[in-house]
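>>> Sequence and predicted model, in that order:
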Amino acid sequence: MKEKKYVMGNTAIARGALEAGVRVVAGYPGTPATEIVDECLGVPGVHVEWANNEKVAFELCTGASLCHVRALPVMKHNGTNYVTDFLMHVNFTGIRGGLVLISADDPGGLSSQNEEDTRILVHQYAHLPIFDPSGPSEAKAMIKEAFELSEKTELVFCLRPVTRVCHARGIIEFDDLPKNLPPAHYEPDRERFIMSAVEMPQFGGIKRPQIRHRWLNEKQALLEKIMEESLYNWTEEGQGKVGLIGCGMGYTWIKEAEQLMGAKLPLMKLGTLPLPRKKLLEFVKGLEKVVVFEETEPFVEGLCKRIFQEEKINVEVLGRSGFLPSDGELSLQAVLEGVEKAAPKVKVRKPETPAMDIHIPIRTRTQCVGCNYRGILNALKQTVRKHKGVVAGDIGCHDAGSFRPLELQSTIYCMGSSVPMASGMVLSGLNRPIFAFIGDSTFYHNGILGLINAANNKINVNVILGENTVTAMTGFQPHPGTGKTLAGEKTTPVNVPKLAESLGVSYRVVNPYDIKQCREALEAAVKEEGPSLVVSSMPCFLLSTRQGKKVFEPREVRVDAEKCTGCMICINDFGCPAISFDKTKKKVSIDPMICVGCGLCVDVCQKGAIV
Amino acid sequence: MKMDVVISGVGGQGNIFASLVISQYAMNKNLNVLGAETIGAAQRGGAVVSHIRMSDGEIYSPIISRGQADLLIGMEYVELMRHMRLLNPKGMYLLNAMKIPTVLNNMALDEYPATEDILKAIRKYCPNGYVVEASAAAKKLGNIQMTNVVMLGALVKTAPFFEYNEMKLLVAANSPTRFKEANVKGFEEGYTLLK
């Protein structure tokens, strides 16, 4: 029975996978992909899990696929980077049960540490096919077809939705879920699934990696044939010698722009990689130039240039290699400006609005009011100041400690890099205490390896583990320290003290709502030689509140204006959104509408003015 | 017929609930609906915005571009201003009279503009709009989290596109059981706030 629902793009993608008969879904949380995993939960016979990192998720899904079961690894672009090593093997072996990789990109870095285009990694580097959806309903259709084609070609297929597809909402048709999926089975095929430098007699002793590479190269012709017939590529008629090419969201923006253009230009919509070469050549017949609108790198633009050169066709190709902005998200404005430049004869009506003649303050994110990270961050800030320390940071809620006002962490790169980077700072000979601050989800992702390395090499680094027992930033996904699975089943959480003991790393467990205790532990860690671990352990305040659990006894907090000297330590070293400084009175005050009564600021104030 | 709505606020103010109610209303009217949210990292006290596009024709982009919005709902002064230029100056705004200072405002390193200056700038941009004491009303009813439903009530009063009874039913239907009664009350209160 078909049913129409208004849902998020990620829900549409999850539904498509379920309708395609996916049996194993695994991912690591990351905006904008997170909800795809959550939304797969609850269908009998479908295993859905949060793996401790993307590589684990992908490898697990491949194992299922080799048993002829359909599987879905889900991640954002950073995760796909992390999976690259495995990707560069599974592309050579191929798969059995349909395997569709979701690699969600975040143009503009709206919720990411970087901005990148994973089409290059998956298609150019790993030579695997990609669908690039232009919206939620196309994404749903694409993922269903990707499972079919993955099995038909024996290759991993990739769906690459961008944030504006993942977090768009649209009306989606829900079809029935399949019943009676075929059972798993396994037959060894060592010539495919043992990736090793072994000689292959039937190929005159050529080593296996080269033969598998050949196998993958030979698949490309089949892929090109499939994409030539794909319904996700089409052309629309128009006038003039300037054509527009829209890939994924690029097409969506062109259709918006058309409503403001004096003429309809010839248009080609592309949603697949490899490109449909014949269709493309047909499209550019009689055109002088084409403008390619794509997220984010000039990738299809480059492929077009190559194809036209091979075919000796003289069509100018413009796009994001300088003609259009080379960074950030596409927009209606960018398309209209591009059309105006490429086809000056076409009248373009750019919507202009009056300027807002007033200063509009920028709002940066911070930790929640009541967050326990604020306690340990304040203690660390004081310790770092006292000892002229340096802090390497990591991904997660605590990263806001690197913004104003705290400006505590000096580096943030990617998942788990804090501990190795801090270790390197120690080894540089820099004679200052070095700290690494890492959240627990990131620690289990791969940060743990940095700690093992520091222990193994006796590196004098001070690691602070912010243990809030959940992946908080992406919306409270469980991890190996949570004690339950995504489906709510109880598990044994990792015992960090025992782990530290087994590594020979000294450890101190502190309550982040007790700043004095935190400071003492940090002080002791600094004085000690060799790697040390401070475990700042307390469940996430926001999640606990939603679950009706208390992580502190709320108290009424106010500023004693008599005692407040306006030193601003409670703002500069603490940064709670409820506390503000009044310039004229030179005093701080606490907004009772915002304060949740954690009481941390009482200990932060050195003058006893917060009571 | 088309109606493009932007709802802007600060993480935790209940944008998404309001956007879902509006979207469902349009769906019940058999309109096409497409929308977009900022979710993820921005939730933690950052600026958040929802776009809802409704039309009896085709809609392509889920994002509302400059000057396209027919209605801008601001849950907070500065956040309304941040997205003001999405609003067609001939459209309408609805502003909750609530100030949430930024981190830099708190540090006295950045000035939160004075209310009269804000209102002057907004009115210069778009003459048609209303300021509602929604958060104050919600707090009076016992929970500031009800600001969003109070705003929906005020919206129905000011924008004839929305019908009172249908919107009230949707507010109830989208509320968790334990908040249902309170949310409906908040909605009713919002309807009476503007004369």
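Received it, and whenever you're ready, just let me know what you need. Numbers count the residues shown, from 1 in each chain, chains lettered A, B, ... in the order given.
>>> from here on, contacts and neighbour counts on C-alpha atoms
Will do.
>>> So which residues of chain B form strands?
Using DSSP state E, the strands of chain B run over B:2-10, B:32-37, B:47-55, B:69-74, B:87-96, B:129-132.
>>> And for the stretch 151-300 of chain A?
With DSSP state E, counting those that start in this stretch, the ranges of strands along the stretch 151-300 of chain A come out as A:157-159, A:168-174, A:199-200, A:206-207, A:234-236, A:242-247, A:267-270, A:272-273, A:289-293.
>>> mind checking how far A:Lys279 is from A:Val83?
The gap separating A:Lys279 from A:Val83 is 33 Å, by Cα to Cα, to the nearest Å.
>>> let me fix that: A:Ile448
A:Ile448 sits 17 Å away from A:Val83, taking Cα to Cα as the criterion.
>>> Could you list the low-pLDDT ranges of chain B?
For chain B, the stretches with pLDDT under 70 are B:39-44.
>>> and the longest helix for it?
Longest helix in chain B, counting residues (DSSP state H): helix B:177-193.
>>> and it, is it in reach of chain A?
No - figure legend: helix B:177-193 not in contact with chain A (Cα under 8 Å from any Cα of the partner chain); closest approach 13.6 Å.
>>> So A:Phe92: helix, strand or coil?
Following DSSP: H, G, I helix; E, B strand; the rest coil, we place A:Phe92 in the helix state.
>>> Next one: the nearest residue to it once chain neighbours are set aside from A:Lys219, what distance?
Nearest non-adjacent residue to A:Phe92, counting by Cα to Cα, 6 or more residues apart in numbering or on different chains: A:Arg212, 5.1 Å away. Relative to A:Lys219, A:Arg212 is positioned 11 Å away (criterion: Cα to Cα).
>>> Those two: who's more crowded?
Using other Cα atoms under 10 Å in any protein chain shown as the criterion, A:Arg212 and A:Lys219 rank with A:Arg212 on top: 19 against 15.
>>> burial measure for residue 99, as a count.
Here I'm looking at chain A. Per other Cα under 10 Å, the neighbour tally for A:Leu99 reads 33.
>>> Can you look at chain B instead?
15.
>>> Same check on A:Val535?
25.
>>> That one reaches A:Val505, doesn't it?
No - the criterion here is Cα atoms under 8 Å, and A:Val535 misses it with A:Val505 at 11.9 Å.
>>> A:Lys279 and A:Val83: who's more crowded?
Higher neighbour count among A:Lys279 and A:Val83: A:Val83, with 19 against 16, using other Cα under 10 Å.
>>> Name the helix or strand for the more buried one, please.
If you go by DSSP states H and E, A:Val83 is part of helix A:77-93.
>>> Enumerate the residues of the stretch 401-550 of chain A near chain B.
The stretch 401-550 of chain A comes close to chain B at residues A:404-405, A:473-475, as judged by Cα under 8 Å from any Cα.
>>> Let me know the closest of the residues you listed to A:Thr485.
Proximity of those to A:Thr485 (Cα to Cα) peaks at A:Gly475, which lies at 14.7 Å.
>>> helix, strand or coil for that closest one?
Under three-state DSSP, A:Gly475 comes out as coil.
>>> Ok, A:Lys345 next?
Three-state call for A:Lys345 (three-state DSSP): coil.
>>> For chain B, see how far away it is.
23 Å (Cα to the nearest Cα, to the nearest Å).
>>> A:Ala343 now?
Relative to chain B, A:Ala343 is positioned 22 Å away (Cα to the nearest Cα).
>>> my guess is that residue contacts A:Gln239, does it?
No - counting by Cα under 8 Å, A:Gln239 is not a contact partner of A:Ala343; they are 11.1 Å apart.
>>> Which of those two has more residues huddled nearby?
Between A:Ala343 and A:Gln239, A:Ala343 has the larger neighbour count (other Cα under 10 Å), namely 19 against 12.
>>> what's around the closest residue in space to that one that isn't next to it in sequence, how many residues?
Nearest non-adjacent residue to A:Ala343, counting by Cα to Cα, 6+ apart: A:Val242, 6.4 Å away. Around A:Val242 sit 21 other residues, with neighbours defined as other Cα under 10 Å.
>>> Could you pull up the residues touching A:Val242?
Contacts for A:Val242 were tallied using Cα atoms under 8 Å, 6 or more residues apart in numbering or on different chains; they are A:265-266, A:287-291, A:342-343.
>>> Filter those down to just the buried residues.
A:265-266, A:287, A:289-291, A:342-343 (16 or more other Cα atoms under 10 Å in any protein chain shown).
>>> between those residues, which is nearest A:Ser137?
Among the buried ones among the contacts of A:Val242, A:Pro266 lies closest to A:Ser137 (Cα to Cα), at 24.1 Å.
>>> Tell me if I'm right that that closest one and A:Gly246 touch.
No - contact criterion Cα under 8 Å: A:Pro266 and A:Gly246 do not qualify, at 11.0 Å.
>>> For the stretch 201-350 of chain A, just list every one of the helices.
Residue ranges of the helices in the stretch 201-350 of chain A, as given by DSSP state H, counting those that start in this stretch, are A:208-228, A:249-258, A:277-284, A:299-310, A:332-342.
>>> Buried deepest among the ones you listed, which one?
Across the helices of the stretch 201-350 of chain A, averaging neighbours per residue (mean count of other Cα atoms under 10 Å in any protein chain shown) puts helix A:249-258 on top, at a mean of 24.
>>> CA atoms only for the host helix or strand of A:Ala521 - export them in CSV, please.
Under the criterion of DSSP H and E, A:Ala521 resides in helix A:515-527. In CSV, the C-alpha atoms belonging to helix A:515-527 read as follows (Å, rounded to 0.1, in the frame of the first residue of the first chain):
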residue,chain,number,x,y,z
ILE,A,515,36.1,22.2,39.5
LYS,A,516,38.4,21.9,42.5
GLN,A,517,38.7,18.1,42.0
CYS,A,518,39.3,18.6,38.3
ARG,A,519,42.1,21.1,39.0
GLU,A,520,43.8,18.8,41.5
ALA,A,521,43.8,15.9,39.1
LEU,A,522,45.1,18.1,36.2
GLU,A,523,47.8,19.5,38.5
ALA,A,524,48.9,16.0,39.5
ALA,A,525,48.9,14.9,35.9
VAL,A,526,51.2,17.7,34.9
LYS,A,527,53.6,16.9,37.7
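>>> Report the buried residues of that helix.
By 16+ other Cα under 10 Å, the buried positions in helix A:515-527 come out as A:515-519, A:521-523, A:525-526.
>>> one step back: just the closest of the buried ones among the contacts of A:Val242 to B:Glu163, please.
Distances from B:Glu163 to the buried ones among the contacts of A:Val242, taken by Cα to Cα, are shortest for A:Leu265, at 40.9 Å.
>>> residues near residue 193, how many?
With no chain named, the answer covers chain A. 15.
>>> that's the other chain; I wanted chain B
By other Cα under 10 Å, the residues close to B:Leu193 number 17.
>>> From what I see, it and B:Ala154 are in contact.
Yes - with contact defined as Cα under 8 Å, B:Leu193 and B:Ala154 form a contacting pair (6.8 Å).
>>> overlap in contacts of the two?
With Cα under 8 Å, 6+ apart, B:Leu193 and B:Ala154 have common neighbours B:Val132.
>>> give the contact list for the nearest residue to A:Lys279 once chain neighbours are set aside.
Leaving aside its sequence neighbours, A:Lys279 sits nearest to A:Glu228 (Cα to Cα, 6+ apart; 6.8 Å). Residues counted as contacts of A:Glu228 (Cα under 8 Å, 6+ apart) are A:275-279.
>>> Tally up the residues packed near A:Glu3, please.
There are 10 residues near A:Glu3, going by other Cα under 10 Å.
>>> And the closest residue to it other than its chain neighbours, how close does it get to A:Lys152?
Leaving out its chain neighbours, the residue that sits closest to A:Glu3 by Cα to Cα, 6+ apart is A:Phe174, at 5.1 Å. Taking Cα to Cα as the measure, A:Phe174 falls 25 Å from A:Lys152.
>>> Okay then, goodbye and thanks.
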